[in-house]
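S.K.: Okay, here's the prediction I keep looking at, along with the sequence it came from:
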Amino acid sequence: MNEKKICADILKQFPEVNPVVVDTALAEEVKKSKKKIIVLDDDPTGVQTIHDISVYTDWSKESIRKGFMEKSKMFFILTNSRGFTVEQTTKAHIEIAETIDETAGEFQQEYMIVSRGDSTLRGHYPLETQLIRDVIAQRKGWGVDGEILCPYFKEGGRFTAGNVHYVKYGEELVPAGQTEFAKDETFGYHSNNLCEYVEEKTGGEYKVEDCICISLESLRAMDFDGIEKQLLEVRDFKKIIVNAIDNYDVKVFCTALYRAMAKGRHFMIRCAAALVKAIADISDKPLLCREEMVTIRNQAGGVIVVGSHTKKTTSQLEELKKLDKIEFIEMNSDLVLEPGELEKEVERILVREEELISQGKSVCIFTKRALLTVEEDTPEEALLRSVRISDAVQSCVGRLKVTPAFVVAKGGITSSDVGTKALKVRCAKVLGQVQPGIPVWQTGEESLFPGTPYVIFPGNVGEVDTLRKVVETLLV
């Protein structure tokens, strides 16, 4: 609890690995594994590191069967559960786990489920992974030996060293428990040390001293055998903390993980986007240019919607306002407290928005920057209110009668709602990233605007000028 801010220079003080040795070892293990990897993504930002992978926005039997039929080793299911209540996420995860196992049986296919969560530790943890574990135990008859926690995500400035998880601000690494993310109304926490975080979140069911920690020293020594030995000794769903400050750290870990799984061990994974890329050995890809994204001739303007209230988002929005090619419209989101008034606000915005887009002008719609606070509020009520606001924001896309050249959504819940409710995407292809950690979907034929590039911009990622750079790339 007493961890202090440290200089980001510490990230350069560890010895480097031999990249050829690590890449070769991981590729061999991935090739040998026959497991289909299904990533359950609690908001659309989990594809921040990958490309040419399918994302299904529902967990119907039809969608999951299509995922299993793909040649790709991995597919994503967008759950959007970070915007769910406990009851909703419980129902969803039981349904998903049961349908995956049933479908895998039809294809006689081994599989593993990865729970992709927030790199700043927010979300329904440990509930979601416990639910999946319980379904597997019931249907398979064997228990899950261990649960892996790896919130490292370089592009977002999230690093774990000495079991402490940090968020990078400028040249400082700030312990996660001391950031604005830890004060989240719904998913807040106090711990900086991930072992303490586990004890805090599990209510003491799993103790600090019970955690197995994979150190940076062993990862940088490429101690595949030593890490594998640690994994083989894990039992009873004990927690495995993965320290990581570079993508090669997670590659070394995944190599040892595959070797442990090949010996019959079973693990659950709760991680950010970096480990997802490593475990499927997905290659790097250059940042996308406009020609790769905007493939349909369209003289209309684009639309940007901003729902996230983080300080980072607000500063990025202010930087975006420097672009004179964008028209800005503020949504009075506080009207959510007055029955019927938020709906009228949406009607007002839509009239002006359609007029501008038809004229070839791009539009940015953003909610009030001051987070609405209510006396005697509860986490559940705060979450439900934020969902109502997000519904209003997404309807500014979903109710458009003109086809925009592109769509950008800023914020986790916002981007999920725009993708699933507004654009009505059921299956999208991940094209890649337009900026580090900023993924782009190509919408499917079934969607509202087929083939339109949809940029998913997390609320907690990027520098001050990143949103402006993204939009500049998309503009003619």
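M.R.: Sure thing, it's come through.

S.K.: Put the alpha carbons of the longest strand along the chain into PDB.
M.R.: Counting by DSSP state E, the longest strand found in the chain is strand 427-435. Once non-C-alpha atoms are left out, strand 427-435 reads as follows in PDB (Å, rounded to 0.1, in the frame of the first residue of the first chain):
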ATOM      1  CA  CYS A 427     -18.900 -10.000 -36.900                       C
ATOM      2  CA  ALA A 428     -16.000  -7.600 -37.700                       C
ATOM      3  CA  LYS A 429     -12.500  -8.000 -39.000                       C
ATOM      4  CA  VAL A 430      -9.800  -6.300 -37.000                       C
ATOM      5  CA  LEU A 431      -7.700  -4.400 -39.600                       C
ATOM      6  CA  GLY A 432      -5.000  -3.400 -37.200                       C
ATOM      7  CA  GLN A 433      -4.200  -0.200 -35.300                       C
ATOM      8  CA  VAL A 434      -4.300   3.400 -36.500                       C
ATOM      9  CA  GLN A 435      -2.100   4.500 -33.500                       C
END
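
S.K.: partners of it in the sheet?
M.R.: Pairing partners of strand 427-435, with direction, according to DSSP bridges: strand 54-56 (antiparallel), strand 438-442 (antiparallel).

S.K.: I'd assumed I245 was in contact with S215.
M.R.: No - with contacts counted by Cβ atoms under 8 Å, S215 stays clear of I245, the gap being 11.6 Å. Just so you know, the C-beta spots here come from the backbone N, C-alpha and C atoms, and that holds for glycine as well.

S.K.: Those two: who's more crowded?
M.R.: When neighbours are counted by other Cβ atoms under 10 Å, S215 and I245 differ, and I245 comes out ahead with 23 against 18.

S.K.: So what does the more buried one have for phi and psi?
M.R.: Here is the backbone geometry of I245 (degrees, to the nearest 10): phi -130, psi 0.

S.K.: and the residue nearest to it when sequence neighbours are not counted, what are its bridge partners?
M.R.: Closest residue to I245 apart from its sequence neighbours, by Cβ to Cβ, 6 or more residues apart in numbering: F159 at 4.6 Å. On the basis of DSSP bridges, F159 takes part in beta bridges with Y166.

S.K.: check contacts around F159.
M.R.: F159 is in contact with L11, Y152, H165, Y166, K168, L173, A244, I245, counting by Cβ atoms under 8 Å, 6 or more residues apart in numbering.

S.K.: thinking F107 is in contact with F68, fair?
M.R.: Yes - with contacts counted by Cβ under 8 Å, F107 reaches F68, the gap being 5.1 Å.

S.K.: list the residues that contact both of these two?
M.R.: With the criterion set as Cβ under 8 Å, 6+ apart, the contacts of F107 and F68 do not overlap.

S.K.: Compare neighbour counts for these two and give me the winner.
M.R.: Neighbours were counted for F107 and for F68 using other Cβ under 10 Å; F68 has more, 16 against 12.

S.K.: ok, now which ones touch that one?
M.R.: Contacts for F68 were tallied using Cβ under 8 Å, 6+ apart; they are K36, T103, A104, F107, Q109.

S.K.: Okay, and which of those residues map to helices?
M.R.: Using DSSP state H to define helices, the subset of the contacts of F68 located there is T103, A104, F107.

S.K.: Retrieve the pLDDT associated with M1.
M.R.: Per-residue pLDDT puts M1 at 61.

S.K.: next one: L383
M.R.: 74.

S.K.: Wait, a strand at V374?
M.R.: No - assigned with DSSP: H, G, I helix; E, B strand; the rest coil, V374 falls outside any strand and is coil.

S.K.: List the contacts of it.
M.R.: V374 is in contact with L337, E381, A382, R385, counting by Cβ under 8 Å, 6+ apart.

S.K.: who's the spatially closest residue to D41 that is not a sequence neighbour bridged to?
M.R.: Closest residue to D41 in three dimensions, ignoring its sequence neighbours and counting by Cβ to Cβ, 6+ apart: R116, at 4.7 Å. Each beta-bridge partner of R116 is listed here, defined by DSSP bridges: D41, C271.

S.K.: what sits against R116?
M.R.: Contacts for R116 were tallied using Cβ under 8 Å, 6+ apart; they are V39, L40, D41, D42, G46, F76, C271, A272, A273, V276.

S.K.: what pLDDT does it get?
M.R.: Predicted confidence (pLDDT) for R116: 97.

S.K.: So, low pLDDT: which residues of the chain?
M.R.: Low-confidence segments of the chain, defined by pLDDT under 70, are located at 1.

S.K.: For C254, state which of the contacts of V374 is nearest.
M.R.: A382 (36.6 Å; Cβ to Cβ).

S.K.: what helix or strand does that closest one sit in?
M.R.: Under the assignment given by DSSP states H and E, the secondary-structure element containing A382 is helix 379-398.

S.K.: Same check on A409?
M.R.: Assigned by DSSP H and E, A409 falls within strand 407-410.

S.K.: Run through the neighbouring helices and strands of that strand.
M.R.: strand 303-306, helix 311-320, helix 379-398, strand 453-457, helix 466-474 (3 or more Cβ pairs under 8 Å, 6 or more residues apart in numbering; DSSP states H and E).

S.K.: can I get the ones you listed in a markdown table with mean neighbour count?
M.R.: Putting the helices and strands packed on strand 407-410 into a markdown table (neighbours: other Cβ atoms under 10 Å) gives the following:
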| stretch | mean neighbour count |
| --- | --- |
| strand 303-306 | 27 |
| helix 311-320 | 19 |
| helix 379-398 | 19 |
| strand 453-457 | 28 |
| helix 466-474 | 21 |
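
S.K.: now the ones you listed as CSV including distance to R352?
M.R.: Formatted as CSV, the helices and strands packed on strand 407-410 follow (distance: least, Cβ to Cβ, whole Å):
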stretch, distance to R352
strand 303-306, 12
helix 311-320, 18
helix 379-398, 10
strand 453-457, 22
helix 466-474, 19
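
S.K.: Looking at the ones you listed, spot the one closest to G264.
M.R.: Each of the helices and strands packed on strand 407-410 was scored for nearness to G264 using Cβ to Cβ, and the closest is strand 453-457 (37.4 Å).

S.K.: Quick check: which helices or strands does the closest one pack against?
M.R.: Packed against strand 453-457, as judged by 3+ Cβ pairs under 8 Å, 6+ apart, are the following elements: strand 407-410, strand 427-435, strand 438-442, helix 466-474.

S.K.: Which positions within the second one qualify as buried?
M.R.: Right, strand 427-435. Judged by neighbour count using 16 or more other Cβ atoms under 10 Å, the buried positions of strand 427-435 are C427, A428, V430, L431, G432, Q433, V434, Q435.

S.K.: I'd say the second one and G444 touch.
M.R.: Yes - checked against Cβ under 8 Å, the pair A428 and G444 is within contact range at 5.7 Å.

S.K.: What sits closest to R139 if chain neighbours are left out?
M.R.: Closest residue to R139 in three dimensions, ignoring its sequence neighbours and counting by Cβ to Cβ, 6+ apart: D101, at 5.0 Å.

S.K.: In contact with the one you found, which residues?
M.R.: Contacts of D101 (Cβ under 8 Å, 6+ apart): Y111, V135, I136, R139, K140.

S.K.: which SS state does it fall under?
M.R.: Three states are possible here, and by three-state DSSP the one that applies to D101 is helix.

S.K.: Helices of the stretch 51-200 of the chain, start to end?
M.R.: Per DSSP state H, counting those that start in this stretch, the stretch 51-200 of the chain carries helices over the ranges 61-69, 86-107, 127-140, 194-201.
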